[in-house]
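# All I have is the shape, not the residue letters:
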């Protein structure tokens, strides 16, 4: 570790929302040495993004620095004029944002966006700039850089866009790269890809990284130093090994404990008849409607075979675009398969007598911010599924809603609230409550925790397990988060490009993966394990997990 | 970040009773005044608004005629009071009709998609290509000049823009997960449309409806200007404004007061519409 003068020095930083507002960052101090990777870890609202944005002078409006200093290469950034700050931004400090889908301007070609920084901060002429861009794109593994330069952002996937974003930032050879949750929106393979690339590029150029994340296991794998933040304060900081092995602060331990671990599972009731049988199901997305006719349909699922036993949790794992969500949606009848059949309790769900299937089969959606009607009170939302149970009296329905509220860990007071008054975790609880209020036998959970913070994820998973033990529903758990899957699934099915490539018990899939794609997925994850001493370390990877090219 | 922080701490404590926001207060008061003026006009006006008195033509405002008299010696104030009823009634009816038909067509097009959508939007876009006033003109020529002719013509002219707005909202709403959740629950398409999609279209419609109210008041005067409005001697703010044109140089009050009332009505309805939108949005009201 290089130990000369620090590159960035944050010294007793105070950030307030407005002059009288609450403190977003409270007395934060840390340093970043040249070439070092420092991670800021904490939940949403802990002030980690604000601290990083202050370092580049980009605080959103009500926020202002009201005390302390941020020194970059010895200069206090707060004393600099706007023009001087602009000279540092981009050229000396680069930033990569969280959402690759929106951080590139959709109306400007990639080439122009990449050249923008070089034009501002260097004296290179057009041809030289173009050459640099082409070199960089080749460097990040883009096969046809010339074509890429004249392409628009929408022509690339999320992972590719994040690579391009990274390339255009690193083109200027900054001394410090601020990466604000750069991979949170990506699936685990793309995540690994982008991070590895980021490390390679920064290593070549000796750039330091200020890495902001809520994912401790990711940080553990790559960072040299960690600053754990909570409510705007740094509760603990030190080298990564030190913090993992001997976490001092209760909150750090809480974060570490929130990481899902392989747990004991409830024993399954012995039945030989599966609840759901999926045989040879293929699903096509209709092509884009053109002015006359339609484009070619796109096949999302290729003759999938699955069965789910009563009370069992089957995890469906795969990267984005693997067709796992489509298969889940077909199970609740939101999309129709073009061939094959889905039997629920032995009855084809596409044939008559769907009522039982409709009532018994519910879905939990990914995004708790868009899965609740913003104009309905929580009580109404929870009561809505009961409309279809005419056998219940009004009084019984009211009772059912009340018990469901208790089940999902919310108080009666929430009945009258609107979704916007709830936090993400509380909303997801309501979404779970809405799915369970009819006591279904099958619940399809489509990435139910991927939009939530680590500690909230743990709470939601615990809630889910408790409710499953209580009501005994079967569950199809769709996720790309292998750690969560390892914790709650009885069996795991792996999907890749519309095919189910591997299916087996949790132990079999995690300990002895057969398909190369499963191995790749497992290699991309970085699980932590607890040591006997109470500390944590990265779980060493078994030999057979090395990705086969 | 801060947003999530705030929402965690948000407690729905009952808000103590306090003054309604300024826009609701001002807009509401103005609106009540204008409506009561229209209602008073049904029973009483200072003078007979239709009585011609050629001896007192084009008199400036005085103690006898507060707002002066027009070219036939009719009392301007009386005509304004009588005209309030006609003008407001025409605008209200037009806006309601356009909103109703526009919403129904827009929702069907946005929710059903496919051929229904394409066909409806093709017709709609064709209608939208005509300027509203030109369409109304053509329709008036067919229907003939009368109070309800204007209502019909203007509401047909304004329906396409409502369709556009509603369809746009529905298109973005139907992709949201709570709509899918409603289907998974087993709700019928119609119930989903009515219970989940329609209430979420209210905000843009409120804004559109208030500006449409203004356009109607103005269009009615424009139609009168072209001789296709409510036929004289009946008074509306629009045809009063139109009739004042030849005398604008030496009888300013003739145009000034109807114009002033149209402007007041617009201010009132816009403020009130904003307040209504905020009130109907659960995110704003608490």
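Yep, that arrived. Quick caveat, the model's predicted, so the values are computed rather than measured.

# And the most far-flung residue of chain A relative to its centre, how close does it get to residue A:193?
Distance to the chain centre peaks in chain A at residue A:393, reaching 41.6 Å (criterion: C-alpha atoms, centre = their mean). Applying C-beta to C-beta, to the nearest Å, the value for residue A:393 to residue A:193 is 56 Å. For glycine as for every other residue, the C-beta is placed from the backbone atoms N, C-alpha and C.

# cool, and residue A:27?
Distance from residue A:27 to residue A:193, by C-beta to C-beta: 37 Å.

# the more surrounded of those two?
More neighbours surround residue A:193 than the other of residue A:27 and residue A:193, with 19 against 14 (other C-beta atoms under 10 Å in any protein chain shown).

# and the helix or strand hosting that one, average pLDDT?
Under the criterion of DSSP states H and E, residue A:193 resides in helix A:188-205. Mean pLDDT, helix A:188-205: 86.

# For residue B:148, see how far away residue B:93 is.
8 Å.

# more crowded one of those two?
Taking neighbours as other C-beta under 10 Å, residue B:93 and residue B:148 compare with residue B:93 leading, 18 against 11.

# How about that one, nearest residue that isn't a chain neighbour?
Residue nearest to residue B:93 in three dimensions, not counting chain neighbours: residue B:151, with 4.8 Å by C-beta to C-beta, 6 or more residues apart in numbering or on different chains.

# you'd agree the one you found is in a helix?
Yes: per DSSP: H, G, I helix; E, B strand; the rest coil, residue B:151 lies within a helix segment.

# which residues does residue A:41 form a beta bridge with?
Judged by DSSP bridges, the bridge partners of residue A:41 are residue A:213, residue A:228.

# so what's it up against?
For residue A:41, the contacting residues are A:48, A:213, A:214, A:216, A:219, A:226, A:227, A:228, A:229, A:255, by C-beta atoms under 8 Å, 6 or more residues apart in numbering or on different chains.

# Type out the ChimeraX command that picks the buried ones from those residues.
Applying 16 or more other C-beta atoms under 10 Å in any protein chain shown to the contacts of residue A:41, the buried members can be selected in ChimeraX as follows:
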select /A:48,213,214,216,219,226,227,228,229,255
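
# quick one: the residue nearest the centre of chain B from residue B:88, how far?
Nearest residue to the geometric centre of chain B (C-alpha atoms, centre = their mean): residue B:213, 1.7 Å. According to C-beta to C-beta, residue B:213 and residue B:88 sit 9 Å apart.

# list residues touching both of the two?
Joint contacts of residue B:213 and residue B:88 (C-beta under 8 Å, 6+ apart) are residue B:265.

# Can you name every helix or strand that the helix or strand containing residue B:78 contacts?
Element membership for residue B:78 (DSSP H and E) is helix B:76-112. Here helix B:76-112 touches helix B:22-43, helix B:114-129, helix B:147-173, helix B:202-225, helix B:237-243, helix B:252-280, going by 3 or more C-beta pairs under 8 Å, 6 or more residues apart in numbering or on different chains; DSSP states H and E.

# Which residue ranges of the stretch 251-400 of chain A form strands?
In the stretch 251-400 of chain A, the strands defined using DSSP state E, counting those that start in this stretch lie at A:276-285, A:298-308, A:313-317, A:339-344, A:347-348, A:361-364.

# quick one, which of these is packed in tightest?
Among the strands of the stretch 251-400 of chain A, ranked by average contacts under mean count of other C-beta atoms under 10 Å in any protein chain shown, first place goes to strand A:361-364 (a mean of 28).

# what's in contact with it?
Contacts of strand A:361-364 (C-beta under 8 Å, 6+ apart): A:328-329, A:331-334, A:344, A:371, A:385, A:428, A:431-432, A:434-436, A:438, A:440-446, A:448, B:180-181, B:184-185.

# For the nearest residue in space to residue A:170 that is not next to it in sequence, which residues are in contact?
Of all residues not flanking residue A:170 in the chain, residue A:201 sits nearest, at 4.6 Å (C-beta to C-beta, 6+ apart). With contact set as C-beta under 8 Å, 6+ apart, residue A:201 has these partners: A:139, A:140, A:166, A:167, A:170, A:207.

# Near residue A:355, how many other residues are there?
Using other C-beta under 10 Å, residue A:355 has 10 other residues around it.

# how close does it get to chain B?
For residue A:355, the distance to chain B (C-beta to the nearest C-beta, to the nearest Å) stands at 8 Å.

# Could you give the number of residues near whichever residue of the stretch 51-200 of chain B sits closest to chain A?
Closest to chain A within the stretch 51-200 of chain B is residue B:177: 3.9 Å, counting by C-beta to the nearest C-beta. By other C-beta under 10 Å, the residues close to residue B:177 number 20.

# swap in residue A:206?
11.

# tell me the contacts of it?
Per C-beta under 8 Å, 6+ apart, neighbours of residue A:206: A:34, A:35, A:175.

# interface residues of the stretch 101-250 of chain B facing chain A?
Proximity of the stretch 101-250 of chain B to chain A is confined to B:176-178, B:180-187, B:196, B:199-200 under the rule C-beta under 8 Å from any C-beta of the partner chain.

# just to revisit the earlier point, check contacts around the residue nearest to residue B:93.
By C-beta under 8 Å, 6+ apart, the contact set of residue B:151 is B:90, B:93, B:94, B:97.

# Throw these into CSV and include pLDDT, thanks.
Output for these, formatted as CSV (pLDDT from 0 to 100):
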residue, pLDDT
B:90, 89
B:93, 93
B:94, 93
B:97, 95
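
# Most neighbours among these, which one?
residue B:94 (27 neighbours).

# so that residue touches residue B:155, yeah?
Yes: using C-beta atoms under 8 Å, residue B:94 is in contact with residue B:155, at 4.7 Å.

# that older thread, CSV for the contacts of residue A:41, including pLDDT?
CSV is the format used below for those (pLDDT from 0 to 100):
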residue, pLDDT
A:48, 85
A:213, 87
A:214, 83
A:216, 82
A:219, 86
A:226, 91
A:227, 92
A:228, 91
A:229, 90
A:255, 85
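
# ok, of the contacts of residue A:41, which one's closest to chain B?
Using C-beta to the nearest C-beta, residue A:48 is the member of those that sits closest to chain B, with 8.2 Å.

# For that closest one, which residues are in contact?
Contacts of residue A:48 (C-beta under 8 Å, 6+ apart): A:40, A:41, A:42, A:212, A:229.

# Of these, which pair is most distant in space?
A:212 and A:229 (9.5 Å; C-beta to C-beta).
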